[in-house]
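J.: structure here, sequence nowhere to be found:
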């Protein structure tokens, strides 16, 4: 018999990026006295990944648990960036309710719509939290109206329209039921969760079933499967079976069962339907598989994700500097790492490339793939990647490509620049609203192709005062060719150490990425040319000495500070015939294939160096 538990609540926190989800979790954990009075825990407690702290965004969904008045509340913190929507889709089925966090000034944003749609489709009970109520430009009444309109559009069940509203300042740790609240604690939010989110439903007497939604790793216990128990109970030493993605079953025995308390895992003697647990003993389990008692004949429904829209090629680094800085450099090591990523990053796709040392990796967007590249280089991997490109599919009606809804807020003075720039990227304006604050809000439907590399152009064109967000719309007919204009490259013509004299001569031709003392090689892109064509430059050239004394002014050279691109900039900056060389210490841009003249010059240089070494010997 299926019944609801009164001692447990499973709640996911969803919102647009930077609306305060993780800060809200901080406040709930601290006021639930998860930590000692004298314990220094800082801020953004669940953002434990170094990349999450550096970029200020949540990348991976996390679990935590708190106790409040005899009720255990399992909290699931989810990412707010559109590129990590797969993480949201992966964990929402563990929850019965959701906290929909909305900024009191910005209101519902594109990712709010995406995560709310996914939550409501699963039948979750919502609690709206209008956060940052203390902002000077907060407009809670207008934000609540816009949020209600969004619910009317997306709700799939009647009870989802009867949602409670909590006004809060997660940073200052207080909440209330009226917009005028300016103090107190988070007690009103705790009460709203317990009162309006039902306990999980299940049959404790039925055979055990659990869908794996997260994988953890332990050097001693190995792979740990995390999920919510749908029915039955699980105990250490219990015989179970694992259904793979095609429905085949294999027998296993449970090692240990862990529950969540605060940020820690605690060992349990038994867990029943509704609990979110971590189970050991299933060595090769994957996300989306079902763990069940031996008498169960059918797995639980699999997790359904939206397909990836952007792809790039990972390849073995074959530059002249290959193997100098990386610990893992072979195609076997690269392949193993990429396919291992699929075990936890289920929104990713990896396929064998056209050559044995190439792999096609597909993801939700540029940032999704850039985070993977940055993670791998920090782990010691060395490889090369091509420029991101969209995944185009052929249909009976013709070619189709992914489109996105682009939301832009910028000063009115930038309107002309934005319309002109985006029209060249095949964008169609679908909305325009002028505000009383001298800012304009524009909406465009644009091919994902047109957004690749647009962020840097947008920041420059709006003077850093613009805000842009996107919402995935799906596939639409091919929009036509997009002319991508980038000036030519300054390409190193010699291998060696860059010198001030050579850089001073090259900087007159464009913008340089390198500084004196940097190692360069033939074919490496050291800057951008001021014209459209590529230009070979010798940045290793030294000033020849003579027996004529020169003045200090003749010896000194004035160098312009270099502008090396970040990883994200490099990925969108490169031309089709270029790749980004990624190592644990360096990010370089180079020509994918050296031209015959450069290859001949490099061969002659290598031959001469070998001959010189032989003579010295």
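T.: Yep, it's here. Every value quoted in this text rests on a predicted model; they were computed, and no experiment measured them.

J.: give me the number of residues near residue 161?
T.: The burial metric for residue 161, expressed as a neighbour count using other C-beta atoms under 10 Å, is 12. C-beta here means a position set from N, CA and C on the backbone, and glycine is covered the same way.

J.: so what's the closest residue to residue 495 other than its chain neighbours up against?
T.: The spatial neighbour of residue 495 that comes closest, neighbours along the chain excluded (C-beta to C-beta, 6 or more residues apart in numbering), is residue 521 at 4.4 Å. Listed by C-beta atoms under 8 Å, 6 or more residues apart in numbering, the contact set of residue 521 reads 319, 320, 321, 492, 495, 590.

J.: lowest-pLDDT helix or strand in the protein?
T.: Within the chain, judged by mean pLDDT, DSSP states H and E, the helix or strand with the poorest mean is helix 552-555; its value is a mean of 47.

J.: picking that back up, among the contacts of residue 521, name the ones in helices.
T.: Secondary structure assignment by DSSP state H places none of the contacts of residue 521 in helices.

J.: quick check, nearest of those to residue 463?
T.: Distance to residue 463 across the contacts of residue 521 (C-beta to C-beta) is lowest for residue 590, with 32.4 Å.

J.: pretty sure the closest one contacts residue 581?
T.: Yes - between residue 590 and residue 581 there is a contact at 5.7 Å, judged by C-beta atoms under 8 Å.

J.: these two: which is more packed in?
T.: With neighbours defined as other C-beta under 10 Å, residue 590 and residue 581 compare such that residue 590 has more, 27 against 24.

J.: quick one on the thing from earlier: mind listing what's buried along the helix or strand just after the least confident helix or strand of the chain?
T.: Counting by DSSP states H and E, the next helix or strand C-terminal to helix 552-555 is helix 567-573. Within helix 567-573, the residues that qualify as buried are 568, 569, 570, 571, 572, 573, counting by 16 or more other C-beta atoms under 10 Å.

J.: can you list contacts of helix 567-573?
T.: Outside helix 567-573, the residues that touch it by C-beta under 8 Å, 6+ apart are 312, 366-367, 369-370, 373-374, 385, 387-388, 452-453, 455-456, 486, 565, 580, 582, 587, 589.

J.: which stretches in the stretch 51-200 of the chain count as strands?
T.: 62-68, 71-77, 97-103, 125-131, 165-169, 174-176 (DSSP state E, counting those that start in this stretch).

J.: now do the contacts for residue 195.
T.: Neighbouring residues of residue 195 by C-beta under 8 Å, 6+ apart: residue 164.

J.: roughly how far apart are it and residue 163?
T.: Shown here: residue 195 relative to residue 163, a distance of 12 Å by C-beta to C-beta, to the nearest Å.

J.: neighbours of the closest residue to residue 183 other than its chain neighbours, how many?
T.: For residue 183, the nearest residue in space outside its immediate sequence neighbours is residue 174; the separation is 5.5 Å by C-beta to C-beta, 6+ apart. Using other C-beta under 10 Å, residue 174 has 22 other residues around it.

J.: which ones are touching residue 417?
T.: Contacts were defined as C-beta under 8 Å, 6+ apart; by that measure residue 417 touches 461, 462.

J.: ok, then the element right after the helix or strand harbouring it?
T.: In this structure, residue 417 is located in helix 415-423 according to DSSP H and E. Once helix 415-423 ends, the next helix or strand along the chain (criterion: DSSP H and E) is strand 428-434.

J.: ranges for the strands of the stretch 501-617 of the chain?
T.: Ranges of strands within the stretch 501-617 of the chain are 510-512, 519-520, 524-529, 535-537, 578-582, 587-591, based on DSSP E, counting those that start in this stretch.

J.: so which of these comes closest to residue 255?
T.: With C-beta to C-beta as the measure, strand 578-582 is the member of those nearest residue 255 (37.6 Å).

J.: if we can go back for a sec, what do residue 590 and residue 581 both touch?
T.: With C-beta under 8 Å, 6+ apart applied, the overlap between the contact sets of residue 590 and residue 581 consists of 319, 384.

J.: which stretch among the strands of the stretch 501-617 of the chain comes nearest residue 469?
T.: Of all the strands of the stretch 501-617 of the chain, the one in closest proximity to residue 469, counting by C-beta to C-beta, is strand 578-582 (26.0 Å).

J.: packing partners for the closest one?
T.: When contacts are defined as 3 or more C-beta pairs under 8 Å, 6 or more residues apart in numbering; DSSP states H and E, strand 578-582 sits against helix 366-378, strand 383-385, helix 567-573, strand 587-591.

J.: one more time with 6 Å, if that's ok
T.: When contacts are defined as 3 or more C-beta pairs under 6 Å, 6 or more residues apart in numbering; DSSP states H and E, strand 578-582 sits against strand 383-385, strand 587-591.

J.: in the stretch 51-200 of the chain, which segments are predicted with low confidence?
T.: Applying pLDDT under 70 to the stretch 51-200 of the chain flags the ranges 51-58, 80, 82.

J.: what about the helices in the stretch 401-550 of the chain?
T.: Under the criterion DSSP state H, counting those that start in this stretch, the stretch 401-550 of the chain carries helices at the ranges 415-423, 448-451, 454-461, 500-506.

J.: what's the second one in contact with?
T.: Spelled out, it's helix 448-451. Contacts made with helix 448-451 from outside it, assessed by C-beta atoms under 6 Å, 6 or more residues apart in numbering, are listed as 309, 390, 402, 404, 425, 426, 427, 482.

J.: will you turn those into a markdown table that also has distance to residue 262, pLDDT and neighbour count?
T.: As requested, the contacts of helix 448-451 are exported to a markdown table (distance: C-beta to C-beta, whole Å; pLDDT from 0 to 100; neighbours: other C-beta atoms under 10 Å):
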| residue | distance to residue 262 | pLDDT | neighbour count |
| --- | --- | --- | --- |
| 309 | 37 | 87 | 23 |
| 390 | 43 | 91 | 20 |
| 402 | 40 | 92 | 23 |
| 404 | 38 | 89 | 23 |
| 425 | 47 | 91 | 21 |
| 426 | 50 | 92 | 19 |
| 427 | 47 | 93 | 26 |
| 482 | 50 | 85 | 14 |
